[in-house]
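**Q** Predicted model follows, preceded by the sequence.
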Amino acid sequence: MEAADINDDVVHPEVRAHITNLVSALGGYSVDDDGSYKLGDEALDVLRDLKKWIRFYDEKTNRMDVARCLAEANLVGGDLLQILTLWPQSETDSKYKARLALACFEVMVPLTWPIEKERAEMTINHHRHMPVLQLAQLGYKRAIINFDAIPILNTAVRVALPSMAMPIGERTPRDLAIIKLILFFLRNVAMIAPPQGVKYEGDETQVSRSATIDAFSYQDIFLTLLTLASNMGEDFRTEDVIVMEIIFHLVKRVDPSSLFVSEKQLNKAKGQELASEMRKEAAMLKSYNKTTTTRHSRFGTMIWVKRADGKMVTVSGQEALLDAKTRERKMDSSKTFRPPRRARKPEMEPKDLGPPVTLDERARQQLRSFVQDFLDSGFNPLFLHVRQSIDREALHVLNQHKSQFFYLVAWFLEAERMRRKAKRDESKSTSAAGEEVNSFNLVAAVLQQEMFASMNRALDRSYSDKDWQLLTSVMRCYTQIFLTVQEMSESPNEEDQEIAENTLSRLFYEETTHDLIANIARTYKDQGFEYLDAATELVHTFLRILEGYSKQNVDLQVRSRKRARRKKKAAKAAAAVAAAKAAGEEAEDVGVPEDNDADDSGDDEQHAESVTQERKFEFGKFAIRFAPQGVVDTFVAFTKFYRDLNDAQLKRAHRYFYRVAFKQELGVMLFRLDIINLFYNMVKGPEPLDKSSPMFKEWEELSKQIIRKCVKKLQERPALFTELLFSKIGSTTHFLEHGYEKPTTTTTPRPGAELEFKRATERDEQIGIAVSVLIDKQQTEHLQWLKDQLTSAMSERQAWENVDKAMATATEGAADGEAADESSNKSAPPHITIRPDTEARRTAMFKNPHLRLLMRLVGMERLTPTLDETPDSTWILPGNHTAEAIQDTIDLINKAEFSPPTFEDGGSAEDQLRRKSAAASRRTRAAYDDDDEEVRGFLGDDDDEGGIGEDFLFAPGGPTARKPDARPQKKRQRRRRREAGSGDEEEEGVSDEVLAEQARKRREKELEKMRKIKSEMYVHASDDETDDERDREFFEREKKRQEAKDSTFDSMLGKLGLSVLSQVNGGEKSAWEAVLNDELEGDGSENEGGRSAKRRKKQVASDSEEEEEEEEEEEDSDEELPTKQAKSKTSKKKAAATSKRPARRPAAAKKKAVVELSDDDEDEEEEDEDEDAMDVDSANERTTTKDVPLPSSPGEGLGRRINRMVVDDQDEDEDDQPVVAARQRPRARGGFIIDSSDEE
């Protein structure tokens, strides 16, 4: 029998014997003195021994044997509490009893410490002792808070009161330990609760939350907590988290809205809640009564059901006899899905929260009084200090304290809002003005920027670490802060409104917070209902407040963050170091890829580290982030609890689905069978919503509209029949909404910017500058790699040259012809391929502009320069570089590396470089004006002062081909040429002011022309291009004009007595050249003295076809150069051609040949000397486009000039009479008439 008892004992017999002896020696009840408790002779030493047993046996060996023995010996209720009664409140000076009381609490604290063990770490001893010890702790709590002889909690405060009264600078470590010990004791008492799954045999009301709050209030523990909280940071520092934990276990799972209502309102709310639950129960029973058993269903029922495919199915139960719908539901319910077995998932519900708590009226009033006092005096100091401790990661802050902190902040913010609401309702009910509501300064500690930063940090870290309990608390805190700030914005106090405006701007400023909230809602899986409720509430509140704020602040700016392209830098760095060690190099000399990922190109320099930029916020685009299928699934999972949700939660889900389906017009995301079935069951299913609920009508209307929209979309997009079974992705949603695939665009990477030197320097100086830039930017690894490549190329080229020289020597000694043929057919030196050693180097060759500049300077080039460059493009060293030239380049690099160049202005080497695009754009702008002075201010050059900066509607891209408009012919005026010699004198007398004024007028005229340009680059007449009838008429008109011109030409030759071709000096010369030469040779002596200073724009043609070709080449080159350079070059070439030609007509004869000019172009004719000599268009028909090419037939130009000669002969003696010029052929290009619209 004894052996059986020993085997069944869960505690070692020796341990039990020692503990039993110590408990007996502690003291006992006296039989002589009214049964009072008497201490043993060495009671204080016994208590210390018990503390050692608990510490060194249970805690060190991770066993619970001593605690189990003390629980069975009833140490707390039978001995320790009795010992505390020996120290009444009147005997405050007894140090021995005070030390005895402290020893009692030193034993009770570990016995009441919460038992929390991870299931994976539990041993067989833990499984044996934990249920017993949990029930024993409930007994300890019941004995402590219901002890009548003396207030135990108050006695604990008396033990720590001397240490608390001391200034913080004079407290010893023992004093701090005593304060923490008592606070831990209060925490344990508040924390002990009936464990889940363990039945408590005693009265649970004695250990309930109401009993605990009543004991804390009666024994003045609330006052102690208020004192500690209000002086936190001044007199107390490390006790902040313990005080917060005590308050947390007092208020957790208590509804704050129930505290600040009157007893009548509370009873009414409870009555309504009871009626609602009864209606739910009645509806549930009504649905069950349809299929429940009756007194007539004593016999079993089995029927055969024939399915659509002809198979027979057996269905049992009398409910299958009701209707077909019930039979189908019965068959569906019999189908059991057996998923594969998986590892048991941890409990997702918060362990330290427990079920909701209902307080009695007395406890509710006591807790309400404490919460009001705490909000008025202790909220800001306590939570400010706790937040600072969490931010600096103090040693006394544990992981669970973070979630408790955010939970309490959210709880007290909601309590503050409920208190303000109760005050407003009370002031309205009394019909009095009432006192002004207290300012929100009472909770200002959690509305600061530091608090928002802490929340963002905790939100991001908990989401990354998958700490769902902390994440749930942070989401609750975020929601309550949003609601509190929104209430501040609606406050009549202007100061509160201003603070709310600034707070919202800070809350919405970070775009990373927006993205994180969207990701939280999108990635819900199975984190539990508390997490689901917090996530949906945060999304609903965030979207609603942000939408209203963005409407009020149209110019809302948010800060978005861009991160560098991440390429596993650590792995690359390790690989580079390993390669260096293998090669015998120092690790410090290795170019770590970290420094090379962000090369110094114009676009990628900013991506070396995280950068931020502000952009305008658009709520419409932001709301799309909450429409993906993941967020929809989260709200669907939340809505599946619709039978257990209250009206506020049902409204939250309703507003989200309404926003997605109608506001964002993404109803396709809801077109899924399970979602449609859920909406239908909520309204007309077997267990629908309560029809008396205020949300039933809204859900009914929403379900009807969504189903109607789905049916309509099925008719428009038959593909939706298949997509009803699946979730929707972005491309599928776009196709179902619009009927076509979403277009996608791909971007190709661009190489680094091309650089050039600001000043024309020699090659050695250019290489020195490029090398200095790389050294200044700490990119010597690129320089070393380039030198290695050149050294390798030099060795390879030297070897090739040696072989080639040996072959040449052998060829010279050979006498036969084959050797000569081989020497003549020898190949050119092959190119050398440049190979990057790492991926980072390849990227630098593509993106680093300074490395690319140096590569080009040393002679490297791409293998395929005509193709677009990519990061994989091949670079080579061409074969025309000899080994000696490569060695010279290496020497130049070494010289620049060890003796970098210096500059006169004291600038850096990088200051000597610039982008090529800047110089190219300046040359392009200069090509639009006639001289460099007029370039400034013409097209708004930013580099010049006085730039107009005007953006023209169209760029000069050529004339517009269209039908000429019928315009009244302008009155033409004839300009008389000045006498010989007068032009030079007048020009010399022109002042600078007149020249400046003329230049200004020319600029204004050119600006006006640029504004009127309607270029063919933008205007396309597609109808004219395909009009065959118009083309036929056009060619007929051209043919008639050509025939008339030829007849006129033949008649003029007949009058002059010339044939078409005449033999001059034994060679063929055209007739028109002969005519001109005859006149010019006769008047050669008079040409030099009578030539006018103003040269005609329409000059006489050259003497030969070779001179015509020279002039055409000059015109082609002039179009590409700036106008001033073209003028100078053309003038010089024409002067050279004139010296070879015969003398021209005298000035007196040329004076008769008048060119018709308009008034507007008079000044322009004086400057334009670079026009083509064969261009005979009048000045009135000049446009802003480029000159039209000349006709190829020399006969055309001759006919026009003969017509002009006739006019000159007729007007020889009539200088004052206006002369009508012969009709000239319209300007033509490519067979089409070119007409300008500038004269309109």
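**A** Ah, there it is.
**Q** How about the contacts made by the residue lying closest to residue 391 once chain neighbours are set aside?
**A** With sequence-adjacent residues excluded and distances taken as Cβ to Cβ, 6 or more residues apart in numbering, residue 391 is closest to residue 454, at 5.8 Å. For the C-beta atoms, the positions are set from N, CA and C on the backbone; glycine is no exception. With contact taken as Cβ atoms under 8 Å, 6 or more residues apart in numbering, residue 454 is in contact with 387, 390-391.
**Q** so residue 514 makes contact with residue 623?
**A** No - using Cβ atoms under 8 Å as the test, residue 514 is too far from residue 623 to be in contact (10.4 Å).
**Q** before we move on, the earlier item: could you report the distance from the residue nearest to residue 391 to residue 897?
**A** 50 Å (Cβ to Cβ, to the nearest Å).
**Q** which residues sit in contact with the spatially closest residue to residue 75 that is not a sequence neighbour?
**A** Distances taken as Cβ to Cβ, 6+ apart place residue 23 nearest to residue 75, at 5.7 Å, with adjacent residues excluded. Residue 23 makes contacts with 50, 70, 73, 75, 79, as judged by Cβ under 8 Å, 6+ apart.
**Q** any idea how far residue 30 is from residue 23?
**A** In terms of Cβ to Cβ, residue 23 sits 17 Å off from residue 30.
**Q** Could you do residue 282 as well?
**A** 63 Å.
**Q** quick one: contacts for residue 756?
**A** 913-916, 919.
**Q** Run through the bridge partners of it.
**A** Residue 756 forms beta bridges with residue 914, as assigned by DSSP bridges.
**Q** Look at the residue nearest to residue 75 and report its pLDDT.
**A** What the model reports for residue 23 is a pLDDT of 92.
**Q** Does it lie in a helix or a strand, and which?
**A** Element membership for residue 23 (DSSP states H and E) is helix 13-26.
**Q** which of the residues in that helix are buried?
**A** 15-16, 18-19, 22-23, 26 (16 or more other Cβ atoms under 10 Å).
**Q** Closest one to residue 142 out of the residues you listed, please.
**A** residue 23 (20.3 Å; Cβ to Cβ).
**Q** how close does the closest one sit to residue 45?
**A** Taking Cβ to Cβ, one finds residue 23 at 14 Å from residue 45.
**Q** So, low pLDDT: which residues of the stretch 451-600 of the chain?
**A** For the stretch 451-600 of the chain, the stretches with pLDDT under 70 are 562-600.
**Q** in it, which spans are helices?
**A** In the stretch 451-600 of the chain, the helices defined using DSSP state H, counting those that start in this stretch lie at 468-489, 494-507, 511-522, 529-552, 569-583.
**Q** cool, the stretch 151-300 of the chain as well?
**A** 152-165, 173-191, 209-218, 221-230, 240-251, 263-289.
**Q** what pLDDT, on average, does the last one get?
**A** Averaging pLDDT along helix 263-289 gives 77.
**Q** and if you look at the first one?
**A** If you average the pLDDT over helix 152-165, you get 94.
**Q** by contact count, what packs against it?
**A** When contacts are defined as 3 or more Cβ pairs under 8 Å, 6 or more residues apart in numbering; DSSP states H and E, helix 152-165 packs onto helix 81-84, helix 95-112, helix 124-145, helix 173-191, helix 221-230.
**Q** Mean pLDDT, distance to residue 420 and mean neighbour count added to these, as CSV?
**A** Listed next are the helices and strands packed on helix 152-165 as CSV, based on pLDDT from 0 to 100; distance: least, Cβ to Cβ, whole Å; neighbours: other Cβ atoms under 10 Å:
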stretch, mean pLDDT, distance to residue 420, mean neighbour count
helix 81-84, 92, 43, 22
helix 95-112, 93, 38, 18
helix 124-145, 91, 33, 18
helix 173-191, 95, 28, 19
helix 221-230, 95, 21, 21
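**Q** now these as JSON lines including distance to residue 800?
**A** Conversion of the helices and strands packed on helix 152-165 to JSON lines gives the following (distance: least, Cβ to Cβ, whole Å):
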{"stretch": "helix 81-84", "distance to residue 800": "102"}
{"stretch": "helix 95-112", "distance to residue 800": "87"}
{"stretch": "helix 124-145", "distance to residue 800": "81"}
{"stretch": "helix 173-191", "distance to residue 800": "83"}
{"stretch": "helix 221-230", "distance to residue 800": "87"}
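**Q** and residue 396, which of the ones you listed is closest to it?
**A** helix 173-191 (8.9 Å).
**Q** Helix 209-218 and that closest one, what's the angle between them?
**A** The directions of helix 173-191 and helix 209-218 differ by 140 degrees, with axes from the mean of the first three to the mean of the last three Cα atoms, to 10 degrees as the criterion.
**Q** and the angle for helix 173-191 with helix 152-165?
**A** Using the same axes, to 10 degrees: helix 173-191 against helix 152-165 is 150 degrees.
**Q** contact partners of helix 173-191?
**A** For helix 173-191, using Cβ under 8 Å, 6+ apart, the contacting residues are 102, 105-106, 108-109, 112-114, 141, 144-145, 153, 156-157, 159-160, 162-164, 166, 212, 216, 221, 236, 238-239, 242-243, 245-246, 249-250.
**Q** Return the most buried member of the helices of the stretch 451-600 of the chain.
**A** helix 468-489 (a mean of 23; mean count of other Cβ atoms under 10 Å).
**Q** CA atoms only: put that one into CSV for me.
**A** C-alpha atoms of helix 468-489 as CSV (Å, rounded to 0.1, in the frame of the first residue of the first chain):
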residue,chain,number,x,y,z
TRP,A,468,-0.6,39.6,-34.9
GLN,A,469,-1.4,40.5,-31.3
LEU,A,470,0.7,43.7,-31.4
LEU,A,471,-0.6,44.5,-34.9
THR,A,472,-4.2,44.3,-33.7
SER,A,473,-3.5,46.7,-30.8
VAL,A,474,-1.7,49.2,-33.1
MET,A,475,-4.6,49.1,-35.6
ARG,A,476,-7.1,49.8,-32.7
CYS,A,477,-4.9,52.7,-31.6
TYR,A,478,-4.7,54.1,-35.1
THR,A,479,-8.5,53.9,-35.5
GLN,A,480,-9.2,55.7,-32.2
ILE,A,481,-6.6,58.4,-33.0
PHE,A,482,-8.4,59.1,-36.3
LEU,A,483,-11.8,59.3,-34.6
THR,A,484,-10.4,61.5,-31.9
VAL,A,485,-8.8,63.9,-34.4
GLN,A,486,-12.0,63.9,-36.4
GLU,A,487,-14.0,64.9,-33.3
MET,A,488,-11.4,67.6,-32.7
SER,A,489,-12.0,69.1,-36.1
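**Q** Nothing else from me, thank you.
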